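> Here is my input; please provide its structure:
(one chain, ligands or ions: 1)
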Amino acid sequence: MTARPDPGTSTDGALLRCENVSLSFGNVRALVEVSLTLRRGEITALVGDNGAGKSTLVRCVSGIHRPQSGRIVFDGDEIDFHSPEDAREAGIETVHQTLALVEDLTVWQNLFLNREIVRRLGPVALLDRRAMQSRSKEMVSTLAVNVPAVRSRVRRLSGGQRQAVAICRAAGFSSKLVIMDEPTAALGVQETARVEELISRMREEGHSVLLISHNFIQVMRLSDQVWVMRAGRCVGGRRTAETSGEEIVALVTGAAGQ
Ligand SMILES: Nc1ncnc2c1ncn2[C@@H]1O[C@H](COP(=O)(O)OP(=O)(O)OP(=O)(O)O)[C@@H](O)[C@H]1O
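Numbers count the residues shown, from 1 in each chain. Below is the predicted model of the structure:
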């Protein structure tokens, strides 16, 4: 990963800036000169029809793809991630639709998966279960996550509770940006409401969130800023308070200009 200082971002409040980012897969132009910004401490929504390029853009930010041209500036540095680990190291956590939780492990084991706390006893390294459990309780209670107990196995949790654990894992460990890909797509009405509450609470706790959603009502309810993608291009950005669901739908479908 290379990092180049970018003095511009510290003053304009932007945590993330994509500038003319392009990426094609063979003949498919998945991203065409996409430019957008994401401010610190806000919930930024990314909307667009199927195939618009949302996931591809997010994959560029989270280290899965590398743009063929353009640049991405995160927290003042131009990024050139080679892997999701690079992105994570820089403070970008992604909650994928698949959640990547291990069913047979407990909530706390999932929260600390691959970042176990280790205690040294002379030459021997031991997992510090007590420290991980107590830190997990703190993480869960900070965001008031609706999870029965950190010692429950994930397989016993509902879809909403699993989503909450995955979000909690991403929000913990001092991440600077949490990306969520359709966090409520597979949930019922009540569970969706709980996860939305959790996302709002993250903003109250100072987290920055990039939310991909097909649910315009949710986007209008939760976000501070909306960016719209269509056919690989970013066709507009609006402050949520200054737009309407109708205008966003019109941008998504192409019925409105920029
Ligand atoms: N790995 C890939 N190889 C080839 N084509 C791809 C690949 N990933 C995405 N695409 C193509 O790039 C375009 C953008 O896809 P992308 O998944 O980013 O859209 P999306 O807005 O996230 O859609 P959805 O809402 O359905 O997830 C589509 O035409 C898709 O078929």
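> What score does Gly51 have for pLDDT?
Per-residue confidence (pLDDT) for Gly51: 93.
> contacting residues around Glu85?
For Glu85, the set of contacting residues under the criterion of Cβ atoms under 8 Å, 6 or more residues apart in numbering consists of Gly63. (Each C-beta comes from the backbone N, C-alpha and C, glycine too.)
> Helix, strand or coil: sort out it for me.
helix (DSSP: H, G, I helix; E, B strand; the rest coil).
> Same question for stretch 154-161: list its buried residues.
Buried residues in stretch 154-161, counting neighbours by 16 or more other Cβ atoms under 10 Å, are found at Val154, Leu157, Ser158, Gly160, Gln161.
> can those go into a markdown table with extra columns for distance to the ligand?
Supplementary listing: the buried residues of stretch 154-161 in a markdown table, determined by distance: Cβ to the nearest ligand atom, whole Å:
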| residue | distance to the ligand |
| --- | --- |
| Val154 | 25 |
| Leu157 | 25 |
| Ser158 | 24 |
| Gly160 | 21 |
| Gln161 | 24 |
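> Checking the residue positioned nearest the centre of the chain next. Helix, strand or coil?
Most central residue of the chain, judged by C-alpha distance to the mean C-alpha position with Cα atoms, centre = their mean, is Ile179 at 0.7 Å. Under three-state DSSP, the three-state class of Ile179 is strand.
> and it, how far is that from Leu121?
Using Cβ to Cβ, to the nearest Å, Ile179 is found at 38 Å from Leu121.
> returning to what we had before: pick out the most distant pair among the buried residues of stretch 154-161.
Looking at these by Cβ to Cβ, the two members farthest from one another are Val154 and Gly160, with 12.7 Å of separation.
> Around Leu16, how many other residues sit close by?
Around Leu16 there are 23 other residues, counting by other Cβ atoms under 10 Å.
> Would you mind naming what in this protein lies close to the ligand?
Taking Cβ under 6 Å from any ligand atom as the contact definition, the chain meets the ligand at Phe25, Val28, Ala30, Gly48, Asn50, Gly51, Ala52, Gly53, Lys54, Ser55, Thr56.
> just the buried members of those residues?
Of the members of the residues of the chain next to the ligand, the ones counted as buried by neighbours, 16+ other Cβ under 10 Å, are Ala30, Gly48, Ala52, Gly53, Lys54, Ser55, Thr56.
> Show me which of the residues you listed is closest to Val165.
Comparing those against Val165 with Cβ to Cβ picks out Ser55 as the nearest, at 22.1 Å.
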